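**Q** Build the 3D model from these lines:
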Amino acid sequence: MSLSGQQKRQLRGLAHALKPCVTVGSAGVTEALLTELQSQLEHHELIKVRCRGGDRDGRSDTLQLIASRSDAELVTQIGNVGVLYRPRADRTGIKLSR
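**A** Numbering: from 1, shown residues only. The predicted structure follows:
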């Protein structure tokens, strides 16, 4: 899945009011975290993930790892918060512009 610039702008606008629903703690990326992340993505499609600790590159790498392991797209990252998007299988969720 590859998002265009216009689609990323649309998703950033929708994500602005969201609060982080998944937090990566000191244990890092665990199976329990990935299970919760999968559940949240299935339910919401668009979520914020807070990544605590580490430096900028470490947080960026962690968010990229989470996105790839959950088949999601990393829309944006600001500081220690990343926005992930994965469309629902039934296509009843967010309608993206072309």
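**Q** For the rest of this, base every contact and every neighbour count on C-alpha atoms.
**A** OK.
**Q** For the residue nearest in space to the middle of the chain, which three-state class applies?
**A** Against the mean C-alpha coordinate of the chain, by CA atoms, centre = their mean, the closest residue is residue 84 at 1.8 Å. In three-state terms, and counting by DSSP: H, G, I helix; E, B strand; the rest coil, residue 84 is strand.
**Q** ok, it to residue 30 distance?
**A** 17 Å (CA to CA, to the nearest Å).
**Q** Contact partners for residue 26?
**A** 52, 53 (CA atoms under 8 Å, 6 or more residues apart in numbering).
**Q** Which pLDDT value belongs to it?
**A** Predicted confidence (pLDDT) for residue 26: 86.
**Q** How about residue 1?
**A** Value listed for residue 1 in the pLDDT field: 69.
**Q** where along the protein do the strands fall?
**A** Counting by DSSP state E, residue ranges of the strands within the chain are 22-24, 46-51, 73-78, 81-85.
**Q** Show me what the shortest one is packed against.
**A** Put plainly, it is strand 22-24. Based on contacts counted as 3 or more CA pairs under 8 Å, 6 or more residues apart in numbering; DSSP states H and E, the elements that strand 22-24 packs against are helix 31-44, strand 46-51.
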